[in-house]
Each structure stands twice: as structure tokens, then as C-alpha cells.
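In: I would like to see how this sequence folds:
(chains A, B and C)
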Amino acid sequence: MSHEWPLWEVFIRGQHGLNHRHVGSLHAPDAEMAIRHARDVYTRRNEGVSIWVVRSSDIAASSPSDKGPLFEPANSKIYRHPTFFKIPDEAGHM
Amino acid sequence: MYAQMVRTDSDGVKSLDEMSPQERAFQERIDRGEKIEPKEWMPEAYRKTLVRQIGQHAHSEIVGQLPEGNWITRAPTLERKAILLAKVQDEAGHGLYLYCAAETLGVSRDELLDKLHSGKMKYSSIFNYPTLNWADIGAIGWLVDGAAIMNQVPLQRTSYGPYSRAMIRICKEESFHQRQGYDIMMKMARGTPAQKAMAQDALNRFWYPSLMMFGPSDKDSVHSAQSMAWKIKINTNDELRQKFVDQTVPQAEFIGLTIPDDKLAWNEEKGGYDFSEPDWSEFYEVIAGNGPCNRERLGARVKAWEDGAWFRDGLLAHARKKEGRRAAA
Amino acid sequence: MAALLDTAIDRASLFEFLLRMGDNALVLGHRVSEWCGHAPVLEEDIALANTALDLIGQTQLWLGLAGEVEGQGRSADNLAYLRDAHEFRNLLLVELPNGDFGRTLMRQFLFDAWHLPMLKALAASSDPRVAEIAAKAVKEVAYHVERSADLVIRLGDGTEESHARMQAALDELWPYTGEMFLSDAADEAVAAAGIAPAPASLREGWRDTVAAVLAEATLKEPAGAYAHKGGRSGRHTEHLGYILAEMQFLQRAYPGSTW
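Out: All right, here's what the predicted structure looks like:
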């Protein structure tokens, strides 16, 4: 029985200058090969210009039960969203 | 479908009142359309059912490489060769996305492959049929991918987050698969008499196996009811089969091919076609391992895996050596 | 230069040269595509299909240009599907059976290490059509050789078994590498016209690349200097006939059909 290659999470930054985005995962023996595999697996349709890979086991994640305390406070800060502010049409596009 | 007859370990759908508070909260989240994410609490039966379903779906993708792969080296033009290769490659990619989705449920890809290789897990019955002429490649894209898409589009809304995201990616990539299949059929059906005969022959052989892809009628199945309550199955098998027939019949007519069913007739009242059921005894034989290609298909996958063991081990050994050298430096 | 190209003999030489480029890509692409669905791990299955797709794409360009230069109205598909084995001009190396995955990768590396400098030189060709194709292909092949070299190193310096398999692959394939650097009248004509480098001029760079990779892979360069040859002039191994029987089946069995 052979040993399984570790799992990696893949993040890709697309053509349009947006942040790296999680696109999926894959198996590879090390980081270098994970990047190559990511290129072959996740950019078959010319999706990316930059690739990050992280070992899945190295990702520290927020716990689902903390969802309330972590994210609800942001819900009430609606002034962070542009639609909070009513700007008269006469002022033009903003 | 790519996942057929998935067991749920359930003997009926519980009403909210019969559920424990935890189960109830879980079901209510699904009812509200929330996604369930990997580390969140979920009923064990939900987890196990998903592993079976996603695993079977992933296995179908990689076994599904084989019947079409059978024609890559014989594709009739350079462009057809490239298109077919790209499509079969996509299927490997889809298998990969799905294995990764299953892995978020605490099972490794190697364990799933082991179950496939030992026959403990199944793949879709359709891939146990042979591809005998070039038009079969058209028929697979048109009918088999067409049937698969019918199931996969609604699954983009499935309750399990990683599965839903995999389906979204797969649907986006699959959009060209069905079209390329129909494009081949169109060329063949409008080509020489020999080509047209190949196209009709392919349709004759793939029609009923395609209808079988949706699985037997499940309107009374407890498994289906439970899976639908969990939103890991969105439509009944019969609904999807009907939709598939209604969509496909005019496409066949358009290119002058005949659906091999003399009972096929438009039913004004139901707004759909009446059609003959496939031979379900054949379906159960194929599922039991007696389809025309079961042994070859599974044999090819097992051989690829076993012959590749030295390669996977060699690369892992090198990565560890390098890691060791780096640590020592 | 343009005047030179217009003479019949140089057109024939250029045609010959383009067939060599196109047939290498076609036959190797065919061999690599045989792995689709059968590779040792999904990630490699996908990666290898990318290599095959690049090669098929290059075939279309080289053979398309060959047909244009020949001026007999033959398309890339005509040239790929309707020539017999003796009319093929690929290296023997690329038509050899795949063997195990290690041999497939070793062959890929030995070929890529030649292919990349060849394309780099062609990107500066005096013929702009050749230069344009090479400029596109060179990006693809730079990745091919990065990948194949790295895998040869990893497998050579992996387990005992992977090392032994890679050494065996190297020993088996080595006598088929010398053909890449042989030269005939057609090569001399295209080199004189500044269209392509003289084959021998690529030998040293190839040796350096290969030596460096083999050293890192802990593999031993075979001693023998014997080189099998013939592919570039149409004398092939028995294997090519079977490749073509498979590849050309539909076009041969149903002539004149469109697909």
C-alpha cells in the first residue's frame, strides 16, 4: 500500500487584479509540485496569473460555533456599506 | 445518474417533531437554504450518504474517461482529437474536484479509490457500455453528458457547501461537452450514408442506457425522500428522465435521427412525451457487474493505480529527502 | 532570402523541415495521449493531457504551414491522416512505445531538452511564418521541459525502484537521441537560408542540459555512442505503422467524409 500525497489548498489570482481566491484543492508530494499541479488542474481555461498553495493541514480556520460572535457584529455596522448613504440624484454618480 | 441508487441509512424521513434538537436545528438550516460546511455538526447518516454519493459521482468521472478515451487515438481530425482529449481531461478534473469535496467529510481519496477498486463502491452504469464507432463519441456527449447536466445543474444548489461549489465549477466547464457531442452527431447525421448509419447505430445503442442513468423510479423510495429532505438530491429520477426525453426527442428529429422507441408519442395532456421504460433487468445486471465492459473498465483503473504505485512512492520519497536536506542545512 | 525560397529545391527543403517539426509533435502527442485515463494519479493524468494538447496544437501549425509551402492544396489533416509511414519524418525516439510511466517521462525530457533550444532558435528564423509558430510553441515547451526535467530528477533520486526504472528507461532510449543532431541536404539548405539552426549546433547545449539533470537525478549517462537513425528520412521502426493504422483508420475507411 503506497502512502497518500498530502492535500493542498489552491488560491489563484485571476487576470483582473482581484485578490487570490480559493479555487479548490489537490494532492502533491511537495509545494513545488503542488504549484505545478495547480497550474495544470485549475488554470486549464486561462483562469490565473498567480498561484498560491498551502498545505491543508496548515490552515487555521475559525470554528463554526464562533460564527455568531465573529461575524454578527459586522452585520450591525451597516454604515460600512455604500448603500447606507442616501445621496440625492442631483449630486451625480458616486 | 452519475450517482445511482445511493443508500441513506434511513428508514423514512422524520418529521421536525421527531428530531432531536440538534437534528432539528440542522434540518431547519437546510430548509432555510443555508449551506452546511465541513466542520459543522451534521447527522452521521447525512455525512455517510454524501460520501457515498460524491464518491460514486467522482468514480463515474474517472471511469467515464475510458469509453471516450478509447477513441482519442482514432479521432478523425486533429481538431476532433484535441477537443476530445480536452474533454476527457476535464472529466479527470471533475473527478478530482469531487474527490476533494468528499475529502472534506473525513475520508481520503485513497480510501475511496480502494473501495472502487475492490468493488465496494459503484460508478454509473453507463460507462460499462462500449464505444464501437466514432458516432458513439457524439452520442456520449449529447446523451450521456446531457443526462448528467440535467442532474448536475440543480445540484449546484445542494446543501453541502463543498459539493455545491464543485458542481458549480463542473457545470461551468461542462457546458461545451454536450455541445461538442451534438456537433459530432450533426456532422455524422448529415454526412455520407455510412456516417448517418453510424450515428443512428450509436443512438440505438445509447438511448436506453442513457435513460437508465437516472436510476429506477424512486417515487416511493425512502432513500430518495431522505436525500431530498437533505437537499442532496433535488429532483426525482422520473422527473429528470421525463425532462431528458422531452429535451432530446426534438434534437434527434432536428438532425433526422430516430429514437429507437415505437411507443414514443407526444402526450398533450401531460405536456411531455410518453416513452418506453428501459429494460430494468439489464440495468440490475450491469450494476451487479455483468455489463459488457465492467471487467475491462475496472481492470483498467486498477492497473493504472497499481502500475503507478512506484511513481507515487518515488515522488513522495524524493520530497521527504529534500525536506530532510533542507532541515539539515 | 525570399528569392531563395521561391526556387523549387528550397521549397522542397522547407517542406521537409516543416514535416519533421510537425511529425515529431504529432507522433509524440499521439503517444502521450495514450496515457489519458491511465496515468498513476489524477493530477498527472491532467498534466500529461496538457502536454499532448500543446503538441497537437503545434502539429496543426507546422503541418498547416507545410501544406501551404508545398502548394498542392494539402491541409494539416491531409498530411497527418493520408500519408503512409515512409512519408513521415519524425524522430524514431517519439514513435517508440510508451513503456512504463518512467520511460514516457524520460523520453519526454530527452525530447524537450532538444525541442526547447530548437524552438528558441526558430523564433529568430528568417522566415516570419516559422518564427511566429516557434514563438507560440516556445512558451508551451518551456513548461514541458521544466516539468519533465523535474520529474526525471525526482524519480531518479526517489526510491530504489524509481531510480532503477529511470536508469533502465535512459539506457533504453539513449541510442535514439543521436538522430536529433544528424544533418542532410534539406537541413543544410534551411540552415543556409537562416530558417533553422543546423542540427549539430544544438548538440552541445542539449548535452549540458541533460548532463546537469542526470547528475541531479543520480542517473548515469550511458556509455554507448551508437545512434539509431532513419526516422527523419522515412525509415521507421515497426511501431509507426501501427500508430498510423490506428490514427488514420477513419479517414482511410471512409475517404472523402467530413467529420
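In: any stretches of the chain with poor pLDDT?
Out: Since you didn't name a chain, this refers to chain A. Applying pLDDT under 70 to chain A flags residues A:1-2, A:64-76, A:79, A:82.
In: nope, chain C please
Out: For chain C, the stretches flagged by pLDDT under 70 are C:1-9.
In: and the residue in the stretch 101-250 of chain C positioned nearest to chain A, how close does it get to residue B:48?
Out: Chain A sits closest to residue C:147 of the stretch 101-250 of chain C, with a gap of 6.3 Å, by CB to the nearest CB. Quick note: C-beta positions are derived from backbone N, CA and C, even for glycine. In this structure, residue C:147 and residue B:48 are 39 Å apart, going by CB to CB, to the nearest Å.
In: between these two, which one's more packed in?
Out: Remark: of residue C:147 and residue B:48, residue C:147 carries more neighbours, 23 against 16, as counted by other CB atoms under 10 Å in any protein chain shown.
In: what sits against that one?
Out: Residue C:147 sits next to A:36, C:47, C:51 when contact means CB atoms under 8 Å, 6 or more residues apart in numbering or on different chains.
In: in helices, which of those residues appear?
Out: A:36, C:47, C:51 (DSSP state H).
In: okay if I get those residues as JSON lines plus distance to residue C:205 and neighbour count?
Out: Below are these laid out as JSON lines (distance: CB to CB, whole Å; neighbours: other CB atoms under 10 Å in any protein chain shown):
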{"residue": "A:36", "distance to residue C:205": "24", "neighbour count": "20"}
{"residue": "C:47", "distance to residue C:205": "25", "neighbour count": "22"}
{"residue": "C:51", "distance to residue C:205": "22", "neighbour count": "23"}
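In: and chain B, which of those residues contact it?
Out: When CB under 8 Å from any CB of the partner chain is applied, no member of these is adjacent to chain B.
In: between these, which is nearest chain B?
Out: Relative to chain B, the closest of these is residue C:47; by CB to the nearest CB it sits at 9.4 Å.
In: how near is the residue of the stretch 101-250 of chain C closest to chain A to residue B:322?
Out: Residue C:147 is 17 Å from residue B:322, by CB to CB.
In: where's the helix or strand harbouring residue B:84 relative to the chain centroid, distance-wise?
Out: In the assignment (DSSP states H and E), residue B:84 maps to helix B:78-103. Centre-to-centre, helix B:78-103 and its host chain are 12 Å apart (CA atoms, centre = their mean, to the nearest Å).
In: helix or strand right after it?
Out: Toward the C-terminus, helix B:78-103 is succeeded by helix B:109-117 as the next helix or strand (DSSP H and E).
In: for that following helix, buried residues please.
Out: By 16 or more other CB atoms under 10 Å in any protein chain shown, the buried positions in helix B:109-117 come out as B:109-113, B:115-117.
In: now stretch B:118-134
Out: B:121-129, B:131, B:133-134.
In: just stretch A:18-30 next, same as before
Out: Judged by neighbour count (16+ other CB under 10 Å), stretch A:18-30 contains these buried residues: A:23-30.
In: near chain B, which of those show up?
Out: Contacts with chain B within these, counted by CB under 8 Å from any CB: A:23-27, A:29-30.
In: could you dump those into a markdown table and include secondary structure and distance to residue B:208?
Out: Converted to a markdown table, these look like this (DSSP: H, G, I helix; E, B strand; the rest coil; distance: CB to CB, whole Å):
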| residue | secondary structure | distance to residue B:208 |
| --- | --- | --- |
| A:23 | strand | 38 |
| A:24 | strand | 35 |
| A:25 | strand | 38 |
| A:26 | strand | 37 |
| A:27 | strand | 38 |
| A:29 | coil | 44 |
| A:30 | coil | 48 |
